[in-house]
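**Student:** with the sequence up front, the predicted model follows.
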Amino acid sequence: MAAEQHPDLDEILITEAQMQERLAELAKEIDRDYEGKDLLLVGVLKGAVMVMADLARKLTIPVTMDWMAVSSYGSGTKSSGVVRILKDLDTDVAGRHVLIVEDIIDSGLTLSWLARNLQSRGAASVAIASALRKKEAAKVDVDVRYLGFDIPNHFVVGYGLDYAEQYRTLPYVGILAKRVYER
Ligand SMILES: O=P(O)(O)OC[C@H]1O[C@H](OP(=O)(O)OP(=O)(O)O)[C@H](O)[C@@H]1O
Ligand code: HPA
Ligand SMILES: [Mg+2]
């Protein structure tokens, strides 16, 4: 049964079933592309927790996982453009194939910075998987190899994405009603 729409949402953009189906397709591609390679999945806390958990469990190749926390949004709905490392990796990425797993590419500032940062640590390769992308919001180009869905330029929540730390546990992605944050 489909989950009921949260009252703070205008619309559901990606249902739980659509997300899981698309992640299964991406997992097949990742399995194929990294077969026989030593793959490290890097999840970006906290938003990517759901996509990391679901995507990683759909992979059949052996992988390891590590986590970084970087924040550019704080508690608002606009990127500050300043990326801060709140928690760094436990792993040395030198010589390793890294796949960054993210929930959303919005302005692109977080991921373009992070991909460069990990590359500069000597990773053998750095690629990006993201559940969502807002194409119209891009301030910088991000080379995303595994993309779930392109979505319109609205503030969205659910499936890991928050507004002021709320709504992350909704199993679908929806547009947050403006009345919730414009008050
Ligand atoms: O493309 P950008 O405009 O840089 O935005 C994308 C980033 O912003 C959000 O993180 P946030 O800073 O809200 O942290 P969170 O994951 O803990 O919510 C999101 O999870 C991405 O990491
Ligand atoms: O649309 C969004 N929703 C929640 N968090 C975000 N971080 C960047 N864009 C978004
Ligand atoms: Mg956030």
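**Tutor:** Good, I have the coordinates. Ligands and ions are numbered 1, 2, ... in the order given.

**Student:** C-alpha from now on. contacts and neighbour counts both.
**Tutor:** Fine.

**Student:** please report how far the nearest residue to Leu26 once chain neighbours are set aside lies from Gln166.
**Tutor:** Excluding its sequence neighbours, the residue lying closest to Leu26 (C-alpha to C-alpha, 6 or more residues apart in numbering) is Tyr146, at 6.3 Å. Tyr146 is 26 Å from Gln166, where distance means C-alpha to C-alpha, to the nearest Å.

**Student:** looking at those two, which is more packed in?
**Tutor:** Tyr146 (20 against 12; other C-alpha atoms under 10 Å).

**Student:** quick check on the more buried one: phi, psi?
**Tutor:** Dihedral pair for Tyr146: phi -130, psi 110, per degrees, to the nearest 10.

**Student:** distance of it relative to Arg84?
**Tutor:** Counting by C-alpha to C-alpha - Tyr146 and Arg84 are separated by 25 Å.

**Student:** am I right that Leu23 sits in a strand?
**Tutor:** No: assigned with DSSP: H, G, I helix; E, B strand; the rest coil, Leu23 falls outside any strand and is helix.

**Student:** in this structure Ser112 contacts Val140, no?
**Tutor:** Yes: counting by C-alpha atoms under 8 Å, Val140 is a contact partner of Ser112 at 7.3 Å.

**Student:** Gly108 is in contact with Lys139, isn't it?
**Tutor:** Yes: Gly108 lies in contact with Lys139 (C-alpha under 8 Å); the separation is 6.3 Å.

**Student:** okay, these two: which has more neighbours?
**Tutor:** Neighbour comparison, Gly108 and Lys139: the larger count goes to Gly108, with 22 against 12 (by other C-alpha under 10 Å).

**Student:** so the closest residue to Ala124 other than its chain neighbours: helix, strand or coil?
**Tutor:** Spatial nearest neighbour of Ala124, chain neighbours left out: Gly95 (4.5 Å); criterion: C-alpha to C-alpha, 6+ apart. With three-state DSSP as the basis, Gly95 sits in coil.

**Student:** same deal with the one 5 residues further on?
**Tutor:** Of the three states, Ile100 takes strand according to three-state DSSP.

**Student:** return the residues of the chain in contact with ligand 2.
**Tutor:** Neighbours of ligand 2 within the chain, by C-alpha under 6 Å from any ligand atom: Asp106, Phe155, Val156, Val157, Leu161, Asp162, Tyr163.

**Student:** that's all I had, so thanks and see you.
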